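> Fold the following, please.
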Amino acid sequence: MRGSIRFIRVFGIDIDIHITFFLLLGIFFLFLGINGLILILGVFLFVTIHELCHGLAARYFGLRVTKITLLPIGGIASMSEMPTKPYQELIISLAGPLSNALIVIIFYFPLHALLGEETLMYPIRVLTGQAEHTGQFNVIAHIYWINLVLAVFNMIPAFPVDGGRVLRAILSYRMGRKAATQVAVRLGHIFALLFAYVGIVYGHIFLLLIAVFIYMAASGEGMQVEVSETIKNYFVHDILTREFVFISKDTPLSKALELIFHTHQEDFPVVEDGHLVGMLTRREVIQGLHERSKDTHAEVIMRTDIPPVSVKTNLDIVRKLMQKHNAGAIPVERNGKVVGVVTQGDINKVYMIAHK
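Numbering: from 1, shown residues only. Next comes the predicted model:
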């Protein structure tokens, strides 16, 4: 995610901190001093544990978690692909809230002995209206009970929080993934509107930010599933055009730019003796013209990390490969020879035509 800084690597998973997180640290330090800093750092320690448990559960099923990004509104675990089997999604989604619940259970008696019942239970009594706020602030007690808040909040049955994914996994057994997603997305929108209402009425800006995040994330998740379900019955050979342009390793950027202007393509397979050696994309052409010269050869700046697909590859798999490699086009091979290119525009066209 843009604006993120690499912090640490745990169990092979990168932990990134978004720069806006430091703004949150400043705000809490301004109002609560050193206790505010300790509180936020403690909270995000348990948020990180929550997301790591998601990641480790996903890894158990062979799904790769690339990184975890810490934001002011929580953490986001980025996976190379999402679980498609309901039982996998159920276990992965439950792993995070269960970790917070276990922390509450494990540390209750040690903290009860250390802090005493009155101090330990004070934050939860104020939260539930059983006691008036007196200004008492024990940072350890507050950090401890944040785990209960994280567990409960994340089990709200609405996208994009874990409870919405649990709901979808359960409903998928009866109504299919697409219909189950639509239910969870609608609930996500409802909860977002409720949070926004409470935030406006009571002046909670942070709650408004959460509402916006939930609404947008739920809509994005719904769109992703809708696209996948629409194009999953189509394959590369259904849309592959016979006319395509490839270039050689010594093709200068000036020639590539000319091809972009005068052909329907913007991304070109780089071919040597009929075999793929790389991809020269529109992004690399523009960047190369700005940073190098128009005489720079394709092999200098071409991408070699974009894998080819076969003509029998499902379009949803192609779309996910594009997302994984941040590519707008994927080369196509048949019997080891390059026979074309599939672009994001091609997939969008299939969705627009086939979508009901």
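> use CA for all of it now, contacts and neighbours both
Will do.
> Where does the prediction get shaky in the stretch 1-150 of the chain?
Counting by pLDDT under 70, the stretch 1-150 of the chain has low-confidence residues at 1-3, 72-74, 80, 135.
> Over to the stretch 251-356 of the chain?
356.
> Regarding the spatially most central residue of the chain, what is its secondary structure?
By CA atoms, centre = their mean, the chain has its centre lying nearest to residue 78, at 4.4 Å. Under the three-state scheme (DSSP: H, G, I helix; E, B strand; the rest coil), the conformation of residue 78 reads as strand.
> would you say residue 136 is within a strand?
No: inclusion of residue 136 in a strand is not indicated when three-state DSSP is applied; the result is coil.
> what pairs with the residue nearest to the centre of the chain across the strands?
residue 67 (DSSP bridges).
> My guess is it contacts residue 65. True?
Yes: Residue 78 lies in contact with residue 65 (CA atoms under 8 Å); the separation is 5.8 Å.
> if we can go back for a sec, gap between the residue nearest to the centre of the chain and residue 274?
Between residue 78 and residue 274 the distance is 36 Å, computed by CA to CA, to the nearest Å.
> same thing with residue 20?
Residue 20 is 48 Å from residue 274, where distance means CA to CA.
> Just the endpoints, please. Distance across stretch 230-242?
Counting by CA to CA, the terminal residues of stretch 230-242 are separated by 24 Å.
> Rounded mean pLDDT for that stretch, please.
Taken as a whole, stretch 230-242 has an average pLDDT of 87.
> got the buried residues for it?
With burial defined by 16 or more other CA atoms under 10 Å, the residues of stretch 230-242 counted as buried are 230, 231, 234, 235, 236, 237, 239, 240.
> So what does the last one look like in phi/psi?
Yep, that's residue 240 we're talking about. Here the main-chain torsion angles of residue 240 (degrees, to the nearest 10) amount to phi -70, psi 120.
> cool, and the first one?
With angles defined as degrees, to the nearest 10, residue 230 sits at phi -80, psi -40.
> what's near enough to touch residue 227?
Applying CA atoms under 8 Å, 6 or more residues apart in numbering, one finds that residue 227 lies in contact with residue 351.
> What separation do you get for the residue nearest to the centre of the chain and residue 211?
From residue 78 over to residue 211 the distance is 21 Å, taken as CA to CA.
> How about residue 95?
Separation of residue 95 from residue 211 (CA to CA) stands at 24 Å.
> quick one: pLDDT of residue 173?
90.
> Could you tell me how many residues sit around the residue lying closest to it once chain neighbours are set aside?
With CA to CA, 6 or more residues apart in numbering as the criterion, residue 173 has its nearest non-adjacent residue at 7.1 Å, and that residue is residue 86. The number of residues packed near residue 86 is 20, by other CA atoms under 10 Å.
> Check residue 190 too.
Residues within reach of residue 190, counting by other CA under 10 Å, total 16.
> Which helix runs longest in this protein?
Longest among the helix segments of the chain by residue count, using DSSP state H, is helix 86-115.
> following it, which helix or strand comes up?
Sequence-wise, the next helix or strand beyond helix 86-115 is helix 117-127, with elements assigned using DSSP states H and E.
> May I have the helix or strand sitting right after that next one along the chain as PDB, with CA atoms only?
Stepping forward along the backbone from helix 117-127, the first helix or strand reached (DSSP H and E) is helix 139-154. The C-alpha trace of helix 139-154 is given here as PDB (Å, rounded to 0.1, in the frame of the first residue of the first chain):
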ATOM      1  CA  VAL A 139      -3.100   1.800  30.600                       C
ATOM      2  CA  ILE A 140      -2.600  -2.000  31.100                       C
ATOM      3  CA  ALA A 141      -6.300  -2.500  31.900                       C
ATOM      4  CA  HIS A 142      -7.400  -0.500  28.900                       C
ATOM      5  CA  ILE A 143      -5.000  -2.400  26.500                       C
ATOM      6  CA  TYR A 144      -6.200  -5.700  28.000                       C
ATOM      7  CA  TRP A 145      -9.900  -5.000  27.400                       C
ATOM      8  CA  ILE A 146      -9.200  -3.700  23.900                       C
ATOM      9  CA  ASN A 147      -8.800  -7.300  23.000                       C
ATOM     10  CA  LEU A 148     -12.500  -8.000  23.900                       C
ATOM     11  CA  VAL A 149     -13.500  -4.900  21.800                       C
ATOM     12  CA  LEU A 150     -11.500  -6.200  18.900                       C
ATOM     13  CA  ALA A 151     -13.000  -9.700  19.100                       C
ATOM     14  CA  VAL A 152     -16.600  -8.400  19.400                       C
ATOM     15  CA  PHE A 153     -16.300  -5.700  16.700                       C
ATOM     16  CA  ASN A 154     -14.700  -8.100  14.200                       C
END
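> and residue 229, how far is that from residue 178?
7 Å.
> The two: who's more crowded?
residue 178 (18 against 15).
> So the more buried one sits against residue 226, correct?
Yes: with contact defined as CA under 8 Å, residue 178 and residue 226 form a contacting pair (6.5 Å).
> Dump the strand or helix carrying residue 255 to PDB, keeping only the CA atoms.
For residue 255, the element it lies in under DSSP H and E is helix 253-262. Written as PDB, here are the backbone C-alpha positions of helix 253-262 (Å, rounded to 0.1, in the frame of the first residue of the first chain):
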ATOM      1  CA  LEU A 253      11.500   2.600 -27.000                       C
ATOM      2  CA  SER A 254      10.800   4.900 -29.900                       C
ATOM      3  CA  LYS A 255       9.500   1.900 -32.000                       C
ATOM      4  CA  ALA A 256       7.400   0.700 -29.000                       C
ATOM      5  CA  LEU A 257       5.900   4.100 -28.600                       C
ATOM      6  CA  GLU A 258       5.000   4.100 -32.300                       C
ATOM      7  CA  LEU A 259       3.300   0.800 -31.900                       C
ATOM      8  CA  ILE A 260       1.300   2.100 -29.000                       C
ATOM      9  CA  PHE A 261       0.100   5.000 -31.200                       C
ATOM     10  CA  HIS A 262      -0.700   2.900 -34.300                       C
END
